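Undergrad: got a sequence here, can you build the structure:
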Amino acid sequence: MKVQITCPECSSSIECYAKAGAANVQCGVCEHVLENLSFSENQEKGNLEACSVCHNNDLYQQKDFNRKIGVILFVIAAIASIYTYGISLIVLFLMDVFLFKRLGNIAVCYHCNTIYRGVNNLDQISDFDHERNDRIVYSD
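TA: Numbers count the residues shown, from 1 in each chain. As a prediction, this is how the structure comes out:
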C-alpha cells in the first residue's frame, strides 16, 4: 500500500510504502521528521483499518483524480464554450465519463488528508460524507 502524507511544516507531499514497524518518515523538502507513525503487518498487506498518521479510523474513498486539474479543465472548457457554443463542455463531460470508468479509488483520512493507494478492503470504507466531514473538521 502506498501512502501519501502532507508535511505539517511545508505542506509538501511525502510518499512512502506501508511497512510494518516503520515509525518515522522524513520530508524531502524541509527535512521535517514525522514521528509516531503506526504501520501494521495488516497495512503492509494492503488492508486499512485506521490512519497511520493520526490514528483515527475516519476514512472515506474517492476517485484517484487531482481536484486542481479538474477545476482547471472546467474553467478552460467554460471559457472555450463561448467560442465553441458549448461543445467544449460536452467534450469535457465525455472526458470525465472516460476517466471515471478508468481511474481507481483511493482511501483518504478525514482528519489529516493522508491518501492511501492500493487498499485491498476499499469495499469496507464508505464514500465521502459531507455531514461527517463537517462534524470532524469543525468540531474543534
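Undergrad: what sits against the most centrally placed residue in the chain?
TA: Relative to the mean C-alpha position of the chain, the nearest C-alpha, by C-alpha atoms, centre = their mean, is the one of Ile115, at 3.9 Å. For Ile115, the contacting residues are 3-4, 106-108, by C-beta atoms under 8 Å, 6 or more residues apart in numbering. (Each C-beta comes from the backbone N, C-alpha and C, glycine too.)
Undergrad: next step: these restricted to strands.
TA: 3-4, 106-108 (DSSP state E).
Undergrad: which of those residues tops the neighbour count?
TA: Tallying neighbours with other C-beta atoms under 10 Å puts Val3 at the head of the ones in strands among the contacts of Ile115, with 25 neighbours.
Undergrad: how much space between that residue and Tyr85?
TA: According to C-beta to C-beta, to the nearest Å, Val3 and Tyr85 sit 45 Å apart.
Undergrad: could you pull out the strands for the protein?
TA: With DSSP E as the criterion, the chain has strands at 2-6, 13-17, 25-26, 33-34, 59-63, 105-109, 115-117.
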